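Engineer: compute the structure for the input listed below.
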Amino acid sequence: MIYREAGDFKTSYRDDGQTFPIRLDRWGYYAVLAVAFGIIPFLINDYWASAVFVPLLIYAIAALGLNILTGYAGQVSLGTGGFMAVGAYSVYKLMTAFPEISIVIHILLAGGITALVGVLFGLPSLRIKGFYLAVATLAAQFFLVWLFNKVPWFYNYSASGQINAPERTLLGHAVTGPATSAPAKYLICLVFAFVLAWVARNLTRGTLGRKWMAIRDMDIAAEIIGVNPLTAKLSAFAVSSFFVGIAGALLFAVYLGAAEVGEAFGINKSFLVLFMIIIGGLGSIFGSFAGAAFMVLLPVLLKNVLVGSFGWPTNLAAHIELMIVGALIVFFLIVEPHGLARLWALTKEKLRLWPFPH
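Structural biologist: Got it, this is the predicted structure:
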């Protein structure tokens, strides 16, 4: 009887259109923010940062970016790993060329560079769509990985072909490099994830988001009613690539510390982020976080249960993980195509009616 709209009166259009119309939802949202910003930084250790929280936040940013492009604008992309590589190599070149500038500026500039590259590879979307566009973005993935492998300038002519993040500080605390503490890694990723999720939510609820959804639902009808396909599609590629580029920059500079493009940003990375939005839910901000949490926590859970408790070999647990992910993708595509976000929405709808379902 607690989860109710009764008594929660709206006295303005702003109140009526808010993201969380039910008071209990707002309280839950504020509670999650309070725990994330006020409690976890004081309790987190290296294991929880490296195994759970930091990769979850980084992949949530990447899933947000891909969800804007695929879930909201309807443009299929298989080049997420390549665009993450653009962000990683951009932030590396900026960090080494301009060491006196703040790392936050470097990460944002890396996102901007990735947005320009995304617009360039998004041009084919003006003429092709669906499977053909997926193949075009897949070509972008292979081309970008090849480019960063074959041009020594991108990795500063290193003999190993690997890039290593130099140490940088923010507000007196190291946020990149081997001396970085677990709370510092967590907080910088959390701030970026929070701000970008807020930006994504407002973009998708505004004029630009409505243009994306009109193009997704029926591009010819959208063009007839005045939506410009050129600006709508390219803006989706730009915003999506900006998010993905920031995720790639954080993945390299804050999480990995060192990377080789083929291993860190290969085609597997593109499919991993795609699986996140399929399982989490297309066209949903919450689904991006839910899918990222699922794909990050599942390997940790299976490793602890199968390897730690049952003593199974690590490679067997890895194969079982792939089988489970594949089965879940098939399950969600058949039973609930909108993923975990839709299941969560259905649960809340039932709670609003309980105990009087009708």
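Engineer: could you identify the helix or strand that succeeds the strand or helix carrying residue 122?
Structural biologist: Assigned by DSSP states H and E, residue 122 belongs to helix 103-122. Proceeding C-terminally, helix 103-122 gives way to helix 131-150 as the next helix or strand, assigned by DSSP H and E.
Engineer: relative to helix 103-122, how tilted is that following helix?
Structural biologist: 130 degrees (axes from the mean of the first three to the mean of the last three CA atoms, to 10 degrees).
Engineer: got the contact list for the helix or strand following helix 131-150?
Structural biologist: The first helix or strand that comes after helix 131-150 along the chain, using DSSP H and E, is strand 163-164. Here strand 163-164 makes contact (CB atoms under 8 Å, 6 or more residues apart in numbering) with 88-89, 92, 154-156, 252, 257-260. For the C-beta atoms, the positions are set from N, CA and C on the backbone; glycine is no exception.
Engineer: out of those, which end up buried?
Structural biologist: Among the contacts of strand 163-164, the ones that count as buried by 16 or more other CB atoms under 10 Å are 88-89, 92, 154-155, 252, 257, 259-260.
Engineer: and which of the residues you listed is nearest residue 305?
Structural biologist: In terms of CB to CB, no member of these lies closer to residue 305 than residue 257, at 28.8 Å.
Engineer: returning to that earlier point: which two in the contacts of strand 163-164 are spaced the farthest apart?
Structural biologist: Pairwise distances across the contacts of strand 163-164 (CB to CB) peak at 17.4 Å, for the pair 154 and 257.
Engineer: got a list of contacts for stretch 177-193?
Structural biologist: Outside stretch 177-193, the residues within contact range by CB under 8 Å, 6+ apart are 36-37, 40-42, 44-46, 48-50, 53-54, 57-58, 60-61, 107, 165-168, 170, 173-175, 246, 250, 254-255, 257.
Engineer: out of the residues you listed, which are inside helices?
Structural biologist: 36-37, 40-42, 46, 48, 54, 57-58, 60-61, 107, 246, 250 (DSSP state H).
Engineer: and which of those is nearest to residue 134?
Structural biologist: So of the ones in helices among the contacts of stretch 177-193, ranked by how close each gets to residue 134 (CB to CB), first place is residue 61, at 22.0 Å.
Engineer: what's around the closest residue to the closest one other than its chain neighbours, how many residues?
Structural biologist: Distance criterion CB to CB, 6 or more residues apart in numbering; nearest residue to residue 61, sequence neighbours excluded, is residue 247 at 4.1 Å. Residue neighbour count, defined by other CB atoms under 10 Å, stands at 34 for residue 247.
Engineer: same check on residue 42?
Structural biologist: Residue 42 has 7 neighbours, counted by other CB under 10 Å.
Engineer: the residue lying closest to it once chain neighbours are set aside is in what secondary structure piece?
Structural biologist: With CB to CB, 6+ apart as the criterion, residue 42 has its nearest non-adjacent residue at 7.4 Å, and that residue is residue 183. Per DSSP H and E, residue 183 falls inside helix 182-205.
Engineer: need the next SSE after that helix, C-terminal direction.
Structural biologist: Reading on from helix 182-205 to the C-terminus, the next helix or strand found by DSSP H and E is helix 207-217.
Engineer: after that following helix comes which helix or strand?
Structural biologist: Sequence-wise, the next helix or strand downstream of helix 207-217 (DSSP H and E) is helix 219-224.
Engineer: sorry, back to before: restricted to buried residues, select the ones in helices among the contacts of stretch 177-193 in ChimeraX.
Structural biologist: Selection of buried members from the ones in helices among the contacts of stretch 177-193 for ChimeraX, criterion 16+ other CB under 10 Å:
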select :36,40,41,54,57,58,60,61,107,246,250
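Engineer: would you point out the most distant pair within the ones in helices among the contacts of stretch 177-193?
Structural biologist: Taking CB to CB, no two of these sit farther apart than 42 and 246, at 25.9 Å.
Engineer: run through the stretch 1-150 of the chain and note the low-pLDDT ranges.
Structural biologist: Along the stretch 1-150 of the chain, segments meeting pLDDT under 70 span 1-2.
Engineer: swap in 80 and give it another go.
Structural biologist: Judged by pLDDT under 80, the stretch 1-150 of the chain has its weakly predicted residues at 1-11, 15-22.
Engineer: all set now, cheers.
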